[in-house]
Structure formats: structure tokens, C-alpha cells
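Undergrad: 3D model of this:
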Amino acid sequence: MAKQTKESYVITNNHFLGKAVVNALEIKSIISEEKVPAPAPLFKKYSQLEAVAFPETPEEQRGELRLFK
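TA: Residues are numbered from 1 along each chain as shown. Sure, this is the predicted structure:
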């Protein structure tokens, strides 16, 4: 669907364990067809992230927190 539109918006629900962030990262990876950067602490709790993401470097973590740039 994203390839057929100019813009696509996905809304994920907030979750106290960070599952919404994990879901958003999975969706971003599917849309971009590549692994995406993700906050390193999430990999400890959600091992499934390894299939779609890679841990951010300390330099990336210092920047503005945005899911899509």
C-alpha cells in the first residue's frame, strides 16, 4: 500500500512495556525493506527485533528522537 501512495501514516498504540515502539519499528522495516535503527535497550526484552532492526550507536541516540526522518 505504501508504494502506491505519496504518504502513509501508521498509528501504534502506546504500551507500558514498549510494544508499540517495537510494532512501529517492525512496520517501518517492512515498508523500507531494510533493517532500521532501534534503541539498544529494546533488544534485551524483544529478541524479535534482531530480524528487522539493529541497535543504534551512541551518536544516533543523541539526536532527535523520531521514528521516521
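Undergrad: Quick check: the residue most central in space within the chain vs Gln4, distance?
TA: A centroid search over the chain (C-alpha atoms, centre = their mean) returns Leu25, at 2.1 Å, as the residue closest to the centre. Distance of Leu25 to Gln4, computed by C-beta to C-beta, to the nearest Å: 23 Å. For glycine as for every other residue, the C-beta is placed from the backbone atoms N, C-alpha and C.
Undergrad: Mind jotting down where the helices sit in this structure?
TA: When assigned using DSSP state H, the helices of the chain occupy the ranges 19-32, 42-45, 58-62.
Undergrad: hey, which of these is tucked in deepest?
TA: Mean neighbours per residue, mean count of other C-beta atoms under 10 Å, is largest over the helices of the chain for helix 19-32, with a mean of 17.
Undergrad: So which elements touch that helix?
TA: Using 3 or more C-beta pairs under 8 Å, 6 or more residues apart in numbering; DSSP states H and E as the contact criterion, the neighbours of helix 19-32 among helices and strands are strand 36-38, helix 42-45.
Undergrad: tell me the average confidence for it?
TA: Mean pLDDT, computed over helix 19-32, is 89.
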